[in-house]
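Visitor: Predicted model follows, preceded by the sequence.
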Amino acid sequence: MRLQGKVAIVTGGGSGIGQGIAKRLGCEGARVIIDYVGSEAGADDTRRAIEACGSQGEVVQADVTKMDDDRKLVDTAWDRFGSADILVNNAGMEKRSDFWDTPEDEYDKVMAVNLRGPFFLTQAFVRRLREAQKPGRIVNISSVHEDMAFPGFTTYCCSKGGLRMMMRNLAVELGPLGITVNNIAPGAIATPINKALLEDKPKLNALLKNIPLGRLGTPEDVAGMVAFLASDDASYISGATFLVDGGLMRSYHEQ
Ligand code: BGC
């Protein structure tokens, strides 16, 4: 149990990668604030899984795009569990559209969830740590697309590229406070965000050809890296992105 006595906040903890992360941190001994927006039943499942591991979870409905909700998440961690040591900015979304057709509201929504949310939730988290003079860990769930192009998903790439620079900047600015900041860049993970792809066999097979390990990733694959970055073993690691992509980022094939 690497995280005994720690408190973690995980956004988007009711489904997909966030659910895998929240469960893993809980089973490593952390008490977990499980944030969700739509998937209450999923968030309850996450809490039950954490309890089954002998730890505690608290389900909180909060929309990371709203600053009041960001403060609520951090305040709940302190009120319920006495602190917050680990923040996992996981909640995210993507929308497919050709660049020339992308509507304003789609741009605003993707940027709000994927970049503005992590920005202001991290701000609320850091303010409390600073007041309490406590160190902390911040892990952002980014994407291989913080670096790699993804035609048809320019809003998503803008948000993840922004998250990459947010991480790099904060690693420098928050280091003196004892706060580490890192990104995880998952590749193709089987979760609800990928529903359309999972249901399109030819597309899925083409993608699998690009993944050297020959399979999609799982939320547990990503959760293992979060558990490491939140642990004492990672106390000297900050300002880096860790690929969890089965080799996708380095893959190129001539047909
Ligand atoms: C996206 C997926 C995509 C994967 C690999 C992820 O960040 O959410 O839709 O399949 O990257 O391209």
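Guide: Looks like it arrived, so ask away. Numbers count the residues shown, from 1 in each chain.
Visitor: so residue 92 touches residue 114, yeah?
Guide: Yes. Residue 92 lies in contact with residue 114 (C-beta atoms under 8 Å); the separation is 4.9 Å. For glycine as for every other residue, the C-beta is placed from the backbone atoms N, C-alpha and C.
Visitor: hey, what's in contact with both of these two?
Guide: Common neighbours of residue 92 and residue 114 are listed as residue 159 (criterion: C-beta atoms under 8 Å, 6 or more residues apart in numbering).
Visitor: Quick check: the residue of the protein nearest the ligand.
Guide: In the chain, the residue that lies nearest the ligand is residue 143 (3.2 Å; C-beta to the nearest ligand atom).
Visitor: Give me the sheet partners of the strand ranked longest in the chain and which way each runs.
Guide: Selection of the longest strand in the chain by residue count, based on DSSP state E, yields strand 179-186. Each strand paired with strand 179-186, and its direction, by DSSP bridges: strand 136-141 (parallel), strand 241-244 (parallel).
Visitor: Please save the CA atoms from the shortest one in PDB.
Guide: Backbone C-alpha positions of strand 241-244 (Å, rounded to 0.1, in the frame of the first residue of the first chain) are rendered in PDB as follows:
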ATOM      1  CA  THR A 241       5.100  13.400 -19.700                       C
ATOM      2  CA  PHE A 242       4.900   9.700 -19.500                       C
ATOM      3  CA  LEU A 243       3.600   7.800 -22.500                       C
ATOM      4  CA  VAL A 244       1.200   4.800 -21.700                       C
END
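Visitor: can you give me the mean pLDDT across it?
Guide: When pLDDT is averaged over strand 241-244, the result is 98.
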